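S.K.: how would this look folded up:
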Amino acid sequence: MNKDISYIIRFLVAKLFTFVFFSTALALIFLLGKTIVVGILAGEDVMQIFLSGINTGIIALAVFELALVVNKEYSGQEENKDVVASLRRTIPRFIGTVCIALSLEGLIMVIKYSQLELAGNLYYPVAIITSTALLLTSLGVFLYLTREVNDI
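M.R.: Numbering: from 1, shown residues only. So this is what the prediction gives:
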């Protein structure tokens, strides 16, 4: 009986978080479209509009990916006892999305600072890109250390 209640609570909370993350991703996509249309109608620089649009789009993608992970892992019918196998399935997709977002953010900052001739501020994008490389390397180490004998 107690296990049934905990399963129902887990299922409902997972669905709630999935709904919140999907709604947030949808709102970000709507905001992206609105920002592009308003920026073009206001006569702003198209390059700046799309550079900021890329940021919003990548964040929306990361939130959407998080919603998929929560929905798949926490509202499933079977309860997975192997936590490492569950992490090996879901973490690489999410970390990959975050790494893409961070590297794009760093590259966009490099472009922006070079256009504004602010070469002294390049420490920030270099730090972002270095952190992204460290995060991706850490993911590789995690996948290597948690591999199964059949994966070798």
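
S.K.: Next, work out how far apart residue 119 and residue 55 are.
M.R.: 22 Å (C-beta to C-beta, to the nearest Å). (C-beta placed from N, C-alpha, C; glycine too.)

S.K.: For the protein, give the helix that spans the most residues.
M.R.: Longest helix in the chain, counting residues (DSSP state H): helix 2-41.

S.K.: Show me what counts as buried in that one.
M.R.: The neighbour-count check on helix 2-41 (16 or more other C-beta atoms under 10 Å) flags 14, 17-18, 21-22, 24-25, 28-29, 32, 35-36, 39 as buried.

S.K.: Kindly report the same for stretch 109-117.
M.R.: In stretch 109-117, counting by 16+ other C-beta under 10 Å, buried: 109-110, 112-113.

S.K.: Show me which pair in those is furthest apart.
M.R.: The largest separation in these, counting by C-beta to C-beta, is between 110 and 112 at 7.4 Å.

S.K.: Check whether residue 92 really touches residue 138, as I assumed.
M.R.: No - with contact defined as C-beta atoms under 8 Å, residue 92 does not reach residue 138; the gap is 11.6 Å.

S.K.: Looking at these two, which one has more neighbours?
M.R.: Higher neighbour count among residue 92 and residue 138: residue 92, with 14 against 11, using other C-beta atoms under 10 Å.

S.K.: which SSE is that one in?
M.R.: Here residue 92, judged by DSSP states H and E, is contained in helix 83-115.

S.K.: Name the residues of that helix that are buried.
M.R.: Result for helix 83-115 [16+ other C-beta under 10 Å]: buried residues 86, 88, 90, 95, 97-99, 101-106, 108-110, 112-113.

S.K.: which strands and helices sit next to that helix?
M.R.: helix 46-74, helix 123-145 (3 or more C-beta pairs under 8 Å, 6 or more residues apart in numbering; DSSP states H and E).
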